[in-house]
Structures are given as C-alpha cells and as structure tokens.
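1. Provided below are the primary sequence and the corresponding predicted coordinates.
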Amino acid sequence: HVQLVESGGGSVQPGDSLRLTCTFSETRYCMGWFRQPPGKDREMVASIDSIGTRRYADSVKGRFTIAKDNAKITLYLQIDSLKPEDTAMYYCAAARYRCLSDRASDYSYWGQGTQVTVS
C-alpha cells in the first residue's frame with residue numbers, strides 16, 4: 001500500500017508561482033500529478049517514470065515541471081505563470097504499471113489533494 005500526502009497549495013494571483021509537494025512511501029512506482037477543476041473531470045498534468053522520463057499535458061507545457069527525489073521520497077510540481085484556469089484540486093498519484101499514463105484509472109493510489117486557487 002502506497003501512502004501519498006500532498007502539500008503546497010494556496011490562493012495566489014495570476015502570474016505567481018507555486019511548488020506542490022507530495023511525499024510517498026514506495027519508490028518503485030511511477031508517479032503523476034492530476035488536477036480536477038470544479039465540476040470537471042480529473043486530468044493528468046504531469047507524470048514521471050522510474051528513470052526520470054517526463055510527460056506533460058499540452059495545456060501546461062512550459063509552465064509546469066515535475067521532479068522526483070527518491071532520497072527524500074518526495075515528488076514535486078513546480079507551477080509557474082499561474083492562470084485562473086489552473087484553479088483546481090491537485091492530486092498526487094502512483095501507478096505500478098502503465099507509467100506515464102494520462103488515465104486516472106491506471107493509478108492505484110491517490111493523495112487527499114491540495115487546493116490551488118488563482119484569482
């Protein structure tokens with residue numbers, strides 16, 4: 001069982017930056033960040049596999065950066081140039097297989113989420 005705990009969300013202004021953090025308990029899994037705006041489906045924004053290959057949603061390329069530090073058992077999501085449309089609950093997720101998948105159903109473990117509000 002993989003435990004995930006997110007932090008780092010908050011209320012910010014357009015153009016600001018945030019760094020989300022997710023601590024995890026198992027280093028063998030592929031990791032991803034998803035977000036779910038109010039009233040919308042959950043979508044993958046960034047994912048990373050065990051050798052550091054990254055994948056981003058087209059809507060966030062150039063502004064979001066995913067990174068993983070196995071020594072600190074921490075996953076990061078650096079978000080720059082925040083926009084109001086980035087407002088969402090952000091979730092950290094872990095997948096044993098199907099690394100870099102953009103489908104929420106491929107991820108077995110989820111954190112509780114951290115809210116990002118841009119206005």
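-> Looks like it arrived, so ask away. Residues are numbered from 1 along each chain as shown.

2. list the contacts for the residue most central in space within the chain?
-> Centroid-nearest residue in the chain: Trp33, 2.0 Å away (criterion: C-alpha atoms, centre = their mean). Applying C-beta atoms under 8 Å, 6 or more residues apart in numbering to Trp33 gives the contacts 20, 22, 44-47, 64, 66, 75, 77, 90-93. C-betas here are computed from N, CA, C, even on glycine.

3. and if we set it to 7 Å?
-> Residues in contact with Trp33 (C-beta atoms under 7 Å, 6 or more residues apart in numbering) are 45-46, 66, 77, 90, 92.

4. what's the answer for Gly32, then?
-> Neighbouring residues of Gly32 by C-beta under 7 Å, 6+ apart: 44, 46-47, 93, 95, 107.

5. Selection in PyMOL covering whichever of the residues you listed are buried, please.
-> Buried members of the contacts of Gly32, defined by 16 or more other C-beta atoms under 10 Å, are picked up in PyMOL with:
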select buried, resi 44+46+47+93+95+107
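
6. which helices and strands does the helix or strand harbouring Thr117 pack with?
-> Using DSSP states H and E, Thr117 falls within strand 114-118. Where contact means 3 or more C-beta pairs under 7 Å, 6 or more residues apart in numbering; DSSP states H and E, strand 114-118 is packed against strand 10-12, strand 88-95.
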